[in-house]
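**Student:** Sequence unavailable; structure follows:
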């Protein structure tokens, strides 16, 4: 099925460069104005060998770090730092050279635009940087684990995790986002709680969501380290014929468009 | 204005650790179950000094690399690699140690979920990794340049850039996404073009969008290098009181909810 293969296809020029480079391959590259040797050198930096060394972490400790880190760098960088700060200590490189704090921009659904919740984006960065990208011949587990995290986030009564010493002691309502997007997740919570964006309760809710995501990411990574990981993640474009969440009605109401179909040959 | 300050606040524990650590600060950290010295070591890896060295790049050459790279690693990693592969060659570290290919998962709006278009996410990674995060006392230009890229993407007749030797020679329609999301951007184009997700035209459209984003990102970075960059980027949460795009009606139709308001003191 042509469409179904879309996100599986890996038209790897690396294969061409590494293996026997046919005349057609060289011509194709040259026509793009590229120097094949520069390209070959430019790829596969010293940290681009996967998987990165991983040692099992304590989910609760990770969640506590993520919770505290939210108050420094917000959701995305907090999830990454909660895991990578421990691996910097226990493993060292290549984690030390990964510029985690640069990912502070994931806050507020990327620069406050409300797109992907930063904790989801951070979880995806972590699983893909550790397990590696789904390049030709490589495992898809990094991307699929990231996808599994997004579905888990959509379905969970958030925040799942309660920190040991919460900064806000008032009860924090739990809501189901039914979406991986910051805008929808935060909006549903704000509606249920009746609290504005700038309230201590909303901030602590997001810090706890961040901790929840960090906790579950480490649970999955620990399973993977033990060789027990069987992904529940999917690539939704395969079933929807368009990259999509599964909550079509949230935005489209009763009028969900049908994507143009592939012609049957 | 309390809400307006939300995304500007930088409650930096780093300040506590580096400067005079009061008893209250130590107690607060200890109560979270964290070892203050481990935390101090864990932060500020060797690549976490900003800005990273940048030399001006040719936008057209960058766009051509991005176009070709789309067919290897799709949108997000292609934008990052189009810029970092050149900087690996011209500058070396820390670009060589950044695991660009791990960002292949940005494809299809993150693991095919249709959230943030990978080319936007890739542009944000680039601007924030080079210019640095908006930590306390640091420039906000990395995040704001990423935000500016998203607004530019929303408004542009995409794809803006036509590669020198396109893989698909049929005419590729141009559409305005009015959203930074993959699902909306690709969906509007598929509707206008009448082409399915798996068609060569749709693939080449996305490769050209990727090239367009890479081109404009380098234009902005070159201005920044020359000291001429004045951001057009904003943090939308400030005006909407919730992290949001500005196309509310796209999903909410005529029924846009009002976020809970902050109480006036």
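**Tutor:** Arrived safely, thanks for sending. What you see is a predicted model; the values in this text were computed from it and never measured. Residues are numbered from 1 along each chain as shown, chains lettered A, B, ... in the order given.
**Student:** What ranges does chain A have for its helices?
**Tutor:** If DSSP state H is used as the criterion, the helices of chain A fall at A:2-5, A:13-18, A:23-31, A:36-42, A:59-90, A:118-131, A:141-155, A:182-193, A:200-225, A:237-240, A:248-252.
**Student:** weakest of those helices in terms of mean pLDDT?
**Tutor:** Ranked by mean pLDDT, those bottom out at helix A:13-18, which scores a mean of 30.
**Student:** which of the helices of chain A sits most buried?
**Tutor:** Most buried of the helices of chain A, by mean neighbour count (mean count of other Cβ atoms under 10 Å in any protein chain shown): helix A:118-131, with a mean of 29. For every residue, glycine as well, the C-beta is placed using N, CA and C.
**Student:** Kindly state the distance between the middle of that helix and the middle of its chain.
**Tutor:** If you compare the mean C-alpha spot of helix A:118-131 with that of the full chain, they lie 4 Å apart, counting by Cα atoms, centre = their mean, to the nearest Å.
**Student:** Output the contacting helices and strands for it.
**Tutor:** Contact here means 3 or more Cβ pairs under 8 Å, 6 or more residues apart in numbering or on different chains; DSSP states H and E; on that basis helix A:118-131 packs against helix A:59-90, helix A:141-155, helix A:200-225.
**Student:** Residue B:245 is nearest to which of those helices?
**Tutor:** The closest approach between residue B:245 and any of these, judged by Cβ to Cβ, belongs to helix A:59-90 at 17.8 Å.
**Student:** mind listing what the residue nearest to residue A:76 when sequence neighbours are not counted touches?
**Tutor:** Leaving aside its sequence neighbours, residue A:76 sits nearest to residue A:106 (Cβ to Cβ, 6 or more residues apart in numbering or on different chains; 2.4 Å). Counting by Cβ atoms under 8 Å, 6 or more residues apart in numbering or on different chains, residue A:106 touches A:74-77, A:116, A:118, A:121-122.
**Student:** Tell me the one among those residues nearest to chain B.
**Tutor:** Taking Cβ to the nearest Cβ as the measure, residue A:116 is the one of these closest to chain B, at 4.2 Å.
**Student:** Quick check: beta-bridge partners of the closest one?
**Tutor:** Taking DSSP bridges as the rule, residue A:116 bridges to residue A:181.
**Student:** To what extent is the residue nearest to residue A:138 when sequence neighbours are not counted buried, counted in neighbours?
**Tutor:** Distance criterion Cβ to Cβ, 6+ apart; nearest residue to residue A:138, sequence neighbours excluded, is residue A:132 at 5.8 Å. Burial of residue A:132, expressed as a neighbour count using other Cβ atoms under 10 Å in any protein chain shown, amounts to 24.
**Student:** Against residue B:245, how distant is residue A:132?
**Tutor:** Taken as Cβ to Cβ, to the nearest Å, the spacing of residue A:132 relative to residue B:245 amounts to 32 Å.
**Student:** is it true that residue A:179 touches residue A:245?
**Tutor:** Yes - under the contact definition of Cβ atoms under 8 Å, residue A:179 touches residue A:245, with a separation of 5.9 Å.
**Student:** which residues do the two both contact?
**Tutor:** Overlap between the contact sets of residue A:179 and residue A:245, as judged by Cβ under 8 Å, 6+ apart, is given by residue A:154.
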